[in-house]
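Undergrad: no sequence for this one, just the structure:
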């Protein structure tokens, strides 16, 4: 091993056991050693999978990160449309937004940007490599609002990159300095940006100040208060879901070529959530059919990873009666939605985001009853039994919604808590849907009953055969991140630039945001009668008669629910609802940009051949 490598290893081993208590997040212009551009990392951290993972999802960090919302955080047009309106409401108050979505811009003094064209090219890499791999734990700084502390101490000729490997056996060491730091793989690092507090005092339902600032997002706190954060068999970090672990993975291209792997500590940099529709829009804007800044290959990888993650987010269990008389109506339907994530479902930024249950009953291809039916480009039907999961914030003084920096009151928060969530004013549900369980935690599921009135006009399509008729009941848990109402708001309320109009046009050209299907179940119920003498529904076309909220979140134990049909079709759950009517330089292995680009072309070609097979 070269003497320089031994020296770096020795220094890294010392540094890995020392964590300064700084209590001083990094501020603009304070770095002596600016963050290297993300493109610097491409040459070494772009490589194909090696055995035994040749046919598994790609795991090279630069490949999996490039098409994610993290890498595109500064390109997101909805983000900039929201920033424009927030800037109208609170001039100068959007610096924390840029601090999170475009960290390089903030650190280099461009944190007051309110439009993407005010950034520099390297800013567009969003949350990029060195932000995380130079972040260091600062126990004196609370999680949230992108209060990151960036290591600025040079070892050898560069600031070390922090990560999970200690290279204790001396095999496969990188040519740049490194520090083995468990903080890099911790949920606390994610909490740096995934708790957001605005400077307005939160008020209660009477408008009385609560003595705390408004907690606009609490994803990290939701995890921290759940059973996922407790050490033991149920523990799962943010990375366990959003950066799946890979055993026997090389750290860089040189190690991949040499067959050097690390048995533990490696993770795919998927970094995806639920914003599948935005990934497709970004591909159209910046992929091969747009500006061609990002190869379609990367967006396709992130979309596939998003689909895989969303299939694990929730379960849906439907109990239905053994038979139905269409003339008499349909009752005895119970739906249990269980949150399988480590945070509320849904979580994060709440404006314009809603999850709901769509239930459609069909006979002979025709809709007999429905609740929450989605119409693309318009939204869901507002029927009396509609069950939604959302958080609605307002300016208490006048009831204005969607204005992030004016919000000071939660009107409702019906999002499903994670398992084991303990009571805390910052993360408690708002409203009367959920009640605490016997163990003092919030339920991680919601139970809903449906009742549909009789449909006397339905006739038997096959009167010669009285035993072949079935009612098909399809239930789906749907989620849309940008509702038509919110997209229209971004255009209507923007008075300072065209960002909202551009988003509206973008969404209209795409036909509107397409909901993702988090879970679905189809039940076939034998029909034993038509045209009975039941009362005609008073709710219009949906045929519903029951009130909207017919149960609380813990009226029945999830384990006691009877499933009357096959399990959720998770594999097809994310394609949409069922058809309804410059830094320069860098690490020492950066031999040339052209060499890295050539290798990247080879990897993309290999991937495309793999997909065609």
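TA: It's in. None of these values were measured; they are calculated from a predicted model. Numbers count the residues shown, from 1 in each chain.
Undergrad: contacts and neighbour counts: CA atoms only from here.
TA: Fine.
Undergrad: quick one, what contacts residue 354?
TA: Counting by C-alpha atoms under 8 Å, 6 or more residues apart in numbering, residue 354 touches 346, 388, 389, 390, 479, 480, 481, 483.
Undergrad: what about the nearest residue to it once chain neighbours are set aside, distance to residue 316?
TA: Nearest residue to residue 354 in three dimensions, chain neighbours excluded: residue 390, at 5.0 Å (C-alpha to C-alpha, 6 or more residues apart in numbering). Shown here: residue 390 relative to residue 316, a distance of 18 Å by C-alpha to C-alpha, to the nearest Å.
Undergrad: residue 243 too?
TA: For residue 243, the distance to residue 316 - C-alpha to C-alpha - is 25 Å.
Undergrad: what do you get for residue 96?
TA: Distance, residue 96 to residue 316, using C-alpha to C-alpha: 37 Å.
Undergrad: before we move on, what about residue 438?
TA: Distance of residue 438 to residue 316, computed by C-alpha to C-alpha: 23 Å.
Undergrad: more neighbours: which of these two?
TA: residue 316 (23 against 8; other C-alpha atoms under 10 Å).
Undergrad: in terms of helices and strands, where is that one?
TA: strand 314-319 (DSSP states H and E).
Undergrad: for the helix or strand following that strand, which outside residues touch it?
TA: Beyond strand 314-319 in the direction of the C-terminus, DSSP H and E gives the next helix or strand as strand 324-325. The contact list for strand 324-325 (C-alpha under 8 Å, 6+ apart) reads 330, 471, 525, 526, 527, 528, 529, 530, 532.
Undergrad: any quick PyMOL command for the buried ones out of these?
TA: Applying 16 or more other C-alpha atoms under 10 Å to the contacts of strand 324-325, the buried members can be selected in PyMOL as follows:
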select buried, resi 330+471+525+526+527+529+530+532
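Undergrad: ok, so of the contacts of strand 324-325, who is nearest residue 249?
TA: Nearest to residue 249 among the contacts of strand 324-325: residue 525, at 49.5 Å, using C-alpha to C-alpha.
Undergrad: correct me if wrong: that closest one contacts residue 319.
TA: No: look at residue 525 against residue 319 with C-alpha atoms under 8 Å: they stay out of range, at 10.9 Å.
Undergrad: any stretches of this protein with poor pLDDT?
TA: For the chain, applying pLDDT under 70 flags the ranges 1-21, 532-576, 578-613.
Undergrad: out of the contacts of residue 354, who's the most crowded?
TA: Within the contacts of residue 354, most neighbours by other C-alpha under 10 Å means residue 479, with 27 neighbours.
Undergrad: I'd say that one and residue 513 touch.
TA: No: using C-alpha under 8 Å, residue 479 makes no contact with residue 513, being 10.2 Å away.
Undergrad: quick one, helices of the stretch 101-250 of the chain?
TA: Secondary structure of the stretch 101-250 of the chain (DSSP state H, counting those that start in this stretch): helices at 103-107, 129-133, 187-191, 219-224, 238-242.
Undergrad: now do the strands in the stretch 301-450 of the chain.
TA: 314-319, 324-325, 330-339, 354-363, 366-371, 374-375, 379-380, 388-389, 391-395, 400-401, 409-413, 445-452 (DSSP state E, counting those that start in this stretch).
Undergrad: right, and those - which one's nearest residue 252?
TA: That would be, of the strands of the stretch 301-450 of the chain and by C-alpha to C-alpha, strand 314-319, which comes in at 35.0 Å.
Undergrad: tell me what that closest one is packed against?
TA: Helices and strands touching strand 314-319, by 3 or more C-alpha pairs under 8 Å, 6 or more residues apart in numbering; DSSP states H and E, are strand 330-339, strand 470-480, strand 516-529.
Undergrad: how about 6 Å then?
TA: Judged by 3 or more C-alpha pairs under 6 Å, 6 or more residues apart in numbering; DSSP states H and E, strand 314-319 is in contact with strand 330-339.
Undergrad: check this protein for me, the residue farthest from its geometric middle.
TA: Distance to the chain centre peaks in the chain at residue 464, reaching 51.5 Å (criterion: C-alpha atoms, centre = their mean).
Undergrad: does it belong to a helix, a strand or coil?
TA: What DSSP: H, G, I helix; E, B strand; the rest coil gives for residue 464 is coil.
Undergrad: how about residue 297?
TA: Assigned by three-state DSSP, the conformation of residue 297 is helix.
Undergrad: distance-wise, check it relative to residue 44.
TA: 18 Å.
Undergrad: who's more crowded, these two?
TA: Legend: neighbour count by other C-alpha under 10 Å for residue 297 and residue 44, higher for residue 44 (25 against 20).
Undergrad: which helix or which strand is home to that one?
TA: Residue 44 belongs to no helix or strand, assigned by DSSP H and E.
Undergrad: list the contacts of it.
TA: Shown in contact with residue 44 (C-alpha atoms under 6 Å, 6 or more residues apart in numbering): 252, 253.
Undergrad: again with residue 268
TA: Residues counted as contacts of residue 268 (C-alpha under 6 Å, 6+ apart) are 59, 243, 244.
Undergrad: which of these tops the neighbour count?
TA: Result: residue 59 is most packed of the contacts of residue 268 (other C-alpha under 10 Å), 27 neighbours.
Undergrad: phi first, then psi, for that residue.
TA: In terms of degrees, to the nearest 10, the main-chain angles of residue 59 are phi -130, psi 0.
Undergrad: relative to residue 266, how far out is it?
TA: Applying C-alpha to C-alpha to residue 59 and residue 266 gives a distance of 9 Å.
Undergrad: residue 432: neighbour count?
TA: 11.
Undergrad: would you map out the domains in this protein?
TA: 3-193+237-273+275-311+590-612, 314-393+411-479+514-568 (automatic domain parsing).
Undergrad: off-centre distance for the first one?
TA: Taking C-alpha atoms, centre = their mean, to the nearest Å, one finds domain 3-193+237-273+275-311+590-612 lying 17 Å from the centre of the chain it belongs to.
Undergrad: same question for the shortest one.
TA: A distance of 23 Å separates the C-alpha centroid of domain 314-393+411-479+514-568 from that of its chain, computed with C-alpha atoms, centre = their mean.
Undergrad: centre-most residue in the protein?
TA: In the chain, the C-alpha nearest the mean C-alpha coordinate belongs to residue 273, at 2.5 Å (C-alpha atoms, centre = their mean).
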